[in-house]
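Engineer: Compute the structure for the input listed below.
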Amino acid sequence: MKHWRQEMRQASSSSSQQRLGLNVPVLAAKFALCSRLVASEGEPGVSGEAMDYSIRIADWCSKYSAGVRDMLTKSSRRATLVGAADAMLKRIREHGRITPRDLYRTYDCQRKELHDPVLEELINTGKVRCVDGFIEVVESTPVNQSSLPTDADVDSG
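Structural biologist: As a prediction, the model looks like this:
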């Protein structure tokens, strides 16, 4: 019980674990009880050593799950940004040379703070450029055999 009370005091002072939905002391108590029941063949009570070990396991689980959640959230945000950038690039191609303001007006939600990061992503990746206040698509023309000079062109020149 002493370990439980001590961990509860520490947990109440740090709200980050509570915010993640993982209550470390409760999780630790569950680990301790389960490990005690398995190891003791039904004898009552949980030792301090078992409780300390269970608290460490629960704390690790909490931190690991928070890290996984952060990683998934970041990758989800990146995927959302890439999808929005593709949609914006399509709109820019449809409208041709356009100002950012007019581009944002083609959306139902026209908030600048919503569309600026997407436009910045397109500019940073080199898919569009801003020239004299207008956004335009950067067309990369692939080099193909028909655009290369032929021997006939060299001989006639």
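
Engineer: what about Gln110, how many neighbours?
Structural biologist: Other residues near Gln110 come to 12 when the count uses other CB atoms under 10 Å. Heads up, the C-betas are built off the backbone N, CA and C, glycines and all.

Engineer: meant to ask about His115, not that
Structural biologist: When counting by other CB under 10 Å, one arrives at 18 neighbours for His115.

Engineer: what's the answer for Ala66, then?
Structural biologist: Neighbours of Ala66 (other CB under 10 Å): 16.

Engineer: other SSEs contacting the helix or strand containing it?
Structural biologist: Assigned by DSSP states H and E, Ala66 belongs to helix 48-95. Packing partners of helix 48-95 (3 or more CB pairs under 8 Å, 6 or more residues apart in numbering; DSSP states H and E): helix 2-13, helix 24-40, helix 100-105, helix 112-124, strand 134-137.

Engineer: Just list what the shortest one packs against, helices and strands only.
Structural biologist: Of the remaining helices and strands, those touching strand 134-137 by 3+ CB pairs under 8 Å, 6+ apart are helix 48-95, strand 128-131.

Engineer: Quick one: mean pLDDT over that strand.
Structural biologist: Taken as a whole, strand 134-137 carries a mean pLDDT of 92.

Engineer: Give me the contact list for it.
Structural biologist: 89, 92-93, 96-100, 103, 119, 127-129 (CB atoms under 8 Å, 6 or more residues apart in numbering).

Engineer: for Gly133, what are its contacts?
Structural biologist: Thr99.

Engineer: Which pLDDT value does the model give Ala28?
Structural biologist: Ala28 is given a pLDDT of 72.

Engineer: distance of it from Gly83?
Structural biologist: Applying CB to CB, to the nearest Å, the value for Ala28 to Gly83 is 41 Å.

Engineer: Look at these two and report which has more neighbours.
Structural biologist: Ala28 (25 against 11).
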